[in-house]
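1. Return a 3D structure for these sequence lines:
(one chain, ligands or ions: 2)
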Amino acid sequence: MLRLGVNIDHVATVRNARGGSYPDPVRAAKMAEAAGADGITAHLREDRRHILDGDIDALMENLTVPLNFEMAATDEMQAIALRHKPHAVCIVPEKREEKTTEGGLEVAREENKLAHYIAPLREVGCRVSIFIAADPAQIEAANRIGAQVIELHTGAYCDLHAEGRFEERDAELKRLTEMATFADSLGLEVHAGHGLTFDTVQPVAALPEVMELNIGHFLISEAIFTGIEPVIHEMRRLMDVARGPTEQ
Ligand SMILES: CC(=O)[C@@H](O)[C@H](O)COP(=O)(O)O
Ligand SMILES: NCC(=O)COP(=O)(O)O
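-> Ligands and ions are numbered 1, 2, ... in the order given. Next up is the predicted model:
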C-alpha cells in the first residue's frame, strides 16, 4: 500500500505569521490523521521558521499515526530526535537563505559525518531516511552509511511541470523512475516528496518501488479553500488510481 505522509510545516508558517497559537499544526495533524493520512511529517528547521520544538513535543504526545521527523544533520537536531525517538527521521539539507529545501543531501561528500548521525538514531529504533536527488552516487552512499530509506526529491520534476517545460520534466521523471528501481535493488525503501500536487502526483505514485509520498505545501494550500479532509481524500484517490486495483 502506497502510504501518504502529510507535512504540516506550513500550518505553522501561518501561525508564526502572528506569533500566536492558531492555526494549530497539531490540530491539522489530527484532522489529517482522521482523513486517512498514514503518517505526519514535520521539519524542525534550525531557524524555527515554521515548526517549533513544542510542536514536536505535542505531535509525539497526540499522534496515533507515525511521525516522520525531518531534520538537518546537526548535533542539536540529533539530540532532539534521540529524546523523542520518533517512528522515522528524515535527514534533509538545510540552508538559512533557502525558501524551501533546494536539492538533495550531498551524501557522497559527507559520508562519515552522516554515518555519525544515522547509527545512534537506528539504535533507538528510528527508521532513518535521507532526502536526496535522483542520483546513483547519492543512493549508493546512502546505502553505504546505513540509511534504511531514501526519499527522492521531486521538486525539480514538479517545477519543470509548473513551468511548462514538459520534455525536461519527462526526463526528470525518467531519472526518478530509474533511481527508484536502483535504490530498491540495493534493498533501500523508496519514498518521494517535495512540491507534489494533484497535477504531478500520479506519475510518481505509479512507480512500483515507491512506498511513501510526503506531501505538504500543496495540501495545506488547498485546504485553505476546501478543508483538510477533502484535499487528503482527493490526493489519496489520485494515488490509488495511479497505483491500480492490485494495490488497494
Ligand atoms: C524535505 C522537504 O522537501 C520538505 O519536507 C521540507 O520540509 C521543505 O522545507 P519547508 O517545509 O521549509 O518548505
Ligand atoms: N519531504 C517532502 C515533504 O515532506 C513535503 O514537501 P512539500 O509537499 O511541502 O513540498
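
2. drop to CA atoms for contacts and neighbour counts, all remaining ones
-> OK.

3. Just give the closest residue to Ala141, not the sequence neighbours.
-> Ala108 (5.3 Å; C-alpha to C-alpha, 6 or more residues apart in numbering).

4. Could you do Val190 as well?
-> Spatial nearest neighbour of Val190, excluding adjacent residues (C-alpha to C-alpha, 6+ apart): Val210 at 4.9 Å.

5. next one: Met211
-> Met211's closest residue in space is Leu2 (C-alpha to C-alpha, 6+ apart), at 4.9 Å.

6. I'd guess Asn16 is in a helix, am I close?
-> Yes. Using DSSP: H, G, I helix; E, B strand; the rest coil, the assignment for Asn16 is a helix.

7. wait, what's in contact with it?
-> By C-alpha atoms under 8 Å, 6 or more residues apart in numbering, the residues touching Asn16 are 49-50.

8. as a whole number, average confidence for stretch 138-147?
-> The average pLDDT within stretch 138-147 is 97.

9. Now do it: everything it contacts.
-> With C-alpha under 8 Å, 6+ apart, stretch 138-147 has contacts from 106-108, 111-112, 114-115, 118-119, 128-130, 132, 150, 179, 183, 186, 188.

10. Give me the neighbour count for Glu70.
-> Residues contacting Glu70 under the criterion other C-alpha atoms under 10 Å number 24.

11. gap between the residue positioned nearest the centre of the chain and Glu123?
-> What sits nearest the mean C-alpha location of the chain, by C-alpha atoms, centre = their mean, is Asn214, with 4.0 Å. Computed as C-alpha to C-alpha, to the nearest Å, the Asn214 to Glu123 distance reads 24 Å.

12. same deal with Ile228?
-> Look at Ile228 and Glu123: by C-alpha to C-alpha, they are 35 Å apart.

13. Can you pick out the residue with more neighbours from those two?
-> Neighbours per residue, other C-alpha under 10 Å: of Ile228 and Glu123, the larger number sits with Ile228, 21 against 10.

14. what's the helix or strand for the residue nearest to that one when sequence neighbours are not counted?
-> Counting by C-alpha to C-alpha, 6+ apart, Ala32 is the residue found nearest to Ile228 once chain neighbours are left out, at 6.4 Å. Under the criterion of DSSP states H and E, Ala32 resides in helix 25-34.

15. now swap in Glu46 and tell me
-> Following DSSP H and E, one finds Glu46 outside all helices and strands.

16. Now for Glu97, how many residues are close by?
-> Neighbour number of Glu97 under other C-alpha under 10 Å is 6.

17. what do you get for Ala42?
-> A count of neighbours around Ala42, defined by other C-alpha under 10 Å, yields 28.

18. For the helix or strand hosting it, list the C-alpha coordinates in PDB.
-> Assigning secondary structure by DSSP H and E places Ala42 in strand 39-43. Taking C-alpha atoms only, strand 39-43 is exported to PDB below (Å, rounded to 0.1, in the frame of the first residue of the first chain):
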ATOM      1  CA  GLY A  39       1.800   9.500   8.700                       C
ATOM      2  CA  ILE A  40       2.600  13.000   9.600                       C
ATOM      3  CA  THR A  41       5.800  14.800   8.500                       C
ATOM      4  CA  ALA A  42       7.200  17.800  10.300                       C
ATOM      5  CA  HIS A  43      10.500  19.600   9.600                       C
END
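
19. for that strand, packing partners?
-> Packing partners of strand 39-43 (3 or more C-alpha pairs under 8 Å, 6 or more residues apart in numbering; DSSP states H and E): strand 3-7, helix 9-18, helix 25-34, strand 67-71.

20. May I see those organised as TSV, with distance to Leu52 and mean pLDDT added?
-> Converted to TSV, those look like this (distance: least, C-alpha to C-alpha, whole Å; pLDDT from 0 to 100):
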stretch	distance to Leu52	mean pLDDT
strand 3-7	14	98
helix 9-18	8	98
helix 25-34	10	98
strand 67-71	12	98
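
21. For ligand 2, which of those is the nearest?
-> For the helices and strands packed on strand 39-43, the distance to ligand 2 is smallest for strand 3-7, at 4.8 Å, taking C-alpha to the nearest ligand atom.
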